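Peer 1: With the input below, show me the fold.
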Amino acid sequence: MTDRTADTGRPINRDDRLVILASSVGTVIEWYDFYLYGSLAAIITVQFFSGVNETTGYIFALMAFAAGFAVRPFGAVFFGRLGDLWGRKNTFLVTMLLMGLSTFVVGLLPSYAAIGVAAPIILIAMRLLQGLALGGEYGGAATYVAEHAPPGKRGLYTSFIQITATAGLMLSLLVILGVRTAVGEAAFLDWGWRIPFLVSILLLGVSLWIRLKLAESPAFARMKAEGRGSKTPLKDSFARWPNLKLVLLALVGLTAGQAVVWYTGQFYALFFLEKTLKVDAALANILIAISLLLATPFFVFWGWLSDKVGRKPIILVGCLLAALTYFPLFHALAAAANPQLAAATASAPVSVRADPADCALQFDPVGKTVFDSSCDLAKSWLAKSGVTYANVAAPAGSVAEVRIGDVVVTSFDGAALSRADFAARKTEWEAGLGAALASAGYPARADSALVNKPLVVGILFVLVMYVTMVYGPIAAALVEMFPTNIRYTSMSLPYHIGNGWFGGFLPTTAFAMVAATGNIYYGLWYPVVVALVTVVVGFLFIRDRKDVDIHA
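Peer 2: Reported below is the predicted structural model:
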């Protein structure tokens, strides 16, 4: 390190490296805990939602994943207030403890088959605790590092915090792959999936040990010594219009677009590979992990560059590039990851010709409804199989038809049949539909040997590159928008509404949009529209503050 001084007048020395390392390592471990659930969503469905039908169970699993994001803004408010009153260091020690213990409990939790409905209830409770903890973690770590950074290096310093989310995801994928390989697929599906959750208790111990070595932020310590702290950080942050206006601009003009780009490039890409394109889960995880490994250094690059050119242009350009290229990139991803499916979709397009009144939403909130209309039978099977289809309206009272190129497979109305007759007829009909799709070239699963792995990694790398552009400078941008006495509270809320709600609900929202329309790409409209809104609002109303004195 050089002899330059930070805004506090304190020499910059090796202690700054410990600050960055401790904050980053602790946050990596918290993200590891949080992402384990998303990475194992398919197994979680079987273990904890086995009492509902397959499609509903998967949606429930995504909703439980999103539940952790739903409460993040509340965690941001609660722990942000503590951070502005009690200190940055003490607060993110508490959040880390909550995160680690709730993850460990999931590893011990009995399945639905063992304790019934209590299993998903306890699971979702642990997810809520994780979300609350993570809501308080990020603002503390980002604020703590930024308040230690020397002038002209806040983007660089805080970019190491930005690596933590991707590093946590990558660590979770690597641990999952290691356990899968060590115990075998059958054992992993049965009990081995618990090991990554249980390992978190060891990681928690390491993280706590590292963070206990830290002192309080010098900016916070000086503020408290001078009596400039806020006694009502919530009121000062959200009940006073000048600051509330900044909070709203930070949300719409920065974090909303950043969030959807982030979750599309990492989580939705993984869901798309596994659920829609039917790529083997282990292979999909490996491909994602490679792309993350290749792109991760660019978090630091964009953070460093933002110290030179500003935070705003890099974030907004990343959002714009993502919005303009998502559709062609995901089409290319489908062709590279499952060329048989892409070829069949082009040569033998599928459509469902049905009476709209005969079609219900393919989601059952209690998981017990039998979809027995001719339209519902057709759509539910196609959606479960990841087959793109067009919706064509038919005259009232018509029996639904599935058209595969020139082949027509007529559905049936199961409402008047007994349960046994319906089950038998459905099995026979699905077998016929499956055979017709197979004859048209539609694969039941992606052939791993045919996956163009270099091209898939290249496409995923581009998607993650957008993530690094929007996420690398975001911590510095948010820290610079708010004064020290309410910084933790003020920056945490827009960040976690953006990332917890706009981003966290993206997989569930996009999956529902796909199921409703039959178009596997339709869900991309959600991140595209949100990213474009951020580009417009950010360009018009956000002022770049890269040179502001954050200790004033």
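Peer 1: For the helix or strand harbouring Val467, the averaged confidence score.
Peer 2: Using DSSP states H and E, Val467 falls within helix 453-471. The average pLDDT for helix 453-471 rounds to 97.
Peer 1: what helices or strands is the next helix-or-strand element following that helix leaning on?
Peer 2: For helix 453-471, the following helix or strand on the C-terminal side (DSSP H and E) is helix 474-479. Other elements packing on helix 474-479 under the criterion 3 or more Cβ pairs under 8 Å, 6 or more residues apart in numbering; DSSP states H and E are helix 118-146, helix 154-183, helix 297-309, helix 311-337, helix 487-497. C-beta: built from backbone N, CA, C; applies to glycine.
Peer 1: how about those, which one is nearest Arg240?
Peer 2: Nearest to Arg240, of all those, is helix 487-497, at 10.4 Å by Cβ to Cβ.
Peer 1: and the closest one with helix 118-146, angle?
Peer 2: The directions of helix 487-497 and helix 118-146 differ by 130 degrees, with axes from the mean of the first three to the mean of the last three Cα atoms, to 10 degrees as the criterion.
Peer 1: ok, residues contacting stretch 304-314?
Peer 2: With contacts defined as Cβ atoms under 8 Å, 6 or more residues apart in numbering, stretch 304-314 is touched by 152-156, 159, 302, 469-470, 472-474, 476-477, 480, 538, 542-546.
Peer 1: typo on my end, it should be stretch 231-249
Peer 2: Stretch 231-249 is contacted from outside by 77, 80-81, 84-85, 230, 481-482, 485-486, 488-490, 493-494, 537, 541-542, using Cβ under 8 Å, 6+ apart.
Peer 1: Whichever of those end up buried, select them in PyMOL.
Peer 2: The PyMOL selection below is limited to those of these classed as buried (16 or more other Cβ atoms under 10 Å):
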select buried, resi 77+80+81+84+85+230+481+482+485+486+488+489+490+493+494+537+542
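Peer 1: Which positions within the helix or strand harbouring Ser237 qualify as buried?
Peer 2: Element membership for Ser237 (DSSP H and E) is helix 233-238. For helix 233-238, the buried set under the neighbour-count rule, 16+ other Cβ under 10 Å, comprises 233-234, 236-238.
Peer 1: returning to that earlier point: tell me which of the helices and strands packed on helix 474-479 is the most buried.
Peer 2: helix 487-497 (a mean of 29; mean count of other Cβ atoms under 10 Å).
Peer 1: What helices and strands are in contact with that one?
Peer 2: Using 3+ Cβ pairs under 8 Å, 6+ apart, helix 487-497 sits against helix 72-86, helix 118-146, helix 233-238, helix 241-250, helix 474-479.
Peer 1: Looking at those helices, spot the one closest to Gly100.
Peer 2: helix 118-146 (8.7 Å).
Peer 1: Could you dump the helices and strands packed on helix 487-497 into CSV and include distance to Pro395 and mean pLDDT?
Peer 2: What follows is the helices and strands packed on helix 487-497, written out as CSV (distance: least, Cβ to Cβ, whole Å; pLDDT from 0 to 100):
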stretch, distance to Pro395, mean pLDDT
helix 72-86, 48, 83
helix 118-146, 42, 82
helix 233-238, 55, 85
helix 241-250, 49, 93
helix 474-479, 53, 93
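Peer 1: can you redo those as TSV with distance to Phe412?
Peer 2: Listed next are the helices and strands packed on helix 487-497 as TSV, based on distance: least, Cβ to Cβ, whole Å:
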stretch	distance to Phe412
helix 72-86	46
helix 118-146	33
helix 233-238	56
helix 241-250	53
helix 474-479	53
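Peer 1: Tell me which of those lies nearest to Asn338.
Peer 2: So among the helices and strands packed on helix 487-497, helix 118-146 is nearest, using Cβ to Cβ, at 30.9 Å.
Peer 1: Check which helices and strands the closest one is in contact with.
Peer 2: helix 14-39, helix 41-48, helix 54-70, helix 72-86, helix 88-108, helix 154-183, helix 474-479, helix 487-497.
Peer 1: and the angle from the helix holding Val467 to helix 297-309?
Peer 2: With the same axes, to 10 degrees defining the directions, helix 453-471 sits at 40 degrees from helix 297-309.
Peer 1: what helices or strands is helix 453-471 leaning on?
Peer 2: Looks like helix 453-471 contacts helix 154-183, helix 256-263, helix 281-295, helix 297-309, helix 311-337 (3+ Cβ pairs under 8 Å, 6+ apart).
Peer 1: Tell me who's in contact with the closest residue to Leu455 other than its chain neighbours.
Peer 2: Closest residue in space to Leu455, ignoring its immediate chain neighbours: Ala336 at 4.2 Å, by Cβ to Cβ, 6 or more residues apart in numbering. By Cβ under 8 Å, 6+ apart, Ala336 lies in contact with 451-452, 455-456, 459.
Peer 1: Is it possible to get a markdown table of these that adds neighbour count and distance to Leu437?
Peer 2: Putting the contacts of Ala336 into a markdown table (neighbours: other Cβ atoms under 10 Å; distance: Cβ to Cβ, whole Å) gives the following:
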| residue | neighbour count | distance to Leu437 |
| --- | --- | --- |
| Val451 | 21 | 20 |
| Asn452 | 16 | 23 |
| Leu455 | 14 | 25 |
| Val456 | 26 | 24 |
| Ile459 | 24 | 26 |
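Peer 1: will you turn those into CSV that also has distance to Ala424?
Peer 2: What follows is those, written out as CSV (distance: Cβ to Cβ, whole Å):
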residue, distance to Ala424
Val451, 37
Asn452, 41
Leu455, 44
Val456, 41
Ile459, 43
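Peer 1: Return the closest of those with respect to Ile20.
Peer 2: Using Cβ to Cβ, those come closest to Ile20 at Ile459, 31.7 Å.
Peer 1: I'd like the distance between that closest one and Ala335.
Peer 2: From Ile459 across to Ala335, the span is 10 Å (Cβ to Cβ, to the nearest Å).
Peer 1: One more: Ile314?
Peer 2: Separation of Ile314 from Ala335 (Cβ to Cβ): 30 Å.
Peer 1: helices or strands up against the host helix or strand of Phe511?
Peer 2: Here Phe511, judged by DSSP H and E, is contained in helix 506-517. The contact analysis (3+ Cβ pairs under 8 Å, 6+ apart) places helix 506-517 against helix 54-70, helix 256-263, helix 525-541.
Peer 1: Of all those, which one comes closest to Leu277?
Peer 2: In terms of Cβ to Cβ, the element of the helices and strands packed on helix 506-517 nearest to Leu277 is helix 54-70, at 15.1 Å.
Peer 1: pLDDT averaged over the closest one - what is it?
Peer 2: Helix 54-70 comes out at a mean pLDDT of 66.
Peer 1: How about stretch 288-298?
Peer 2: Stretch 288-298 comes out at a mean pLDDT of 90.
Peer 1: List the buried residues in it.
Peer 2: Using 16+ other Cβ under 10 Å as the test for burial, stretch 288-298 gives 288-293, 295-296, 298.
Peer 1: Then stretch 372-392?
Peer 2: Applying a neighbour-count criterion of 16+ other Cβ under 10 Å, one finds 372-389, 391 buried in stretch 372-392.
Peer 1: then that stretch to CSV, C-alphas only?
Peer 2: Provided in CSV are the C-alpha atoms of stretch 372-392 (Å, rounded to 0.1, in the frame of the first residue of the first chain):
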residue,chain,number,x,y,z
ASP,A,372,-58.6,-32.7,-15.9
SER,A,373,-59.8,-30.4,-18.8
SER,A,374,-58.5,-31.2,-22.2
CYS,A,375,-56.6,-27.9,-22.4
ASP,A,376,-55.1,-28.2,-19.0
LEU,A,377,-53.9,-31.8,-19.6
ALA,A,378,-52.1,-30.7,-22.8
LYS,A,379,-50.5,-27.5,-21.4
SER,A,380,-49.4,-29.1,-18.1
TRP,A,381,-47.6,-31.9,-19.8
LEU,A,382,-45.9,-29.6,-22.4
ALA,A,383,-44.9,-27.1,-19.7
LYS,A,384,-43.5,-30.0,-17.5
SER,A,385,-41.5,-31.2,-20.5
GLY,A,386,-40.0,-27.8,-21.4
VAL,A,387,-41.7,-27.8,-24.8
THR,A,388,-42.4,-24.4,-26.4
TYR,A,389,-45.9,-24.1,-27.8
ALA,A,390,-48.2,-21.5,-29.3
ASN,A,391,-51.7,-20.9,-28.0
VAL,A,392,-54.5,-21.0,-30.7
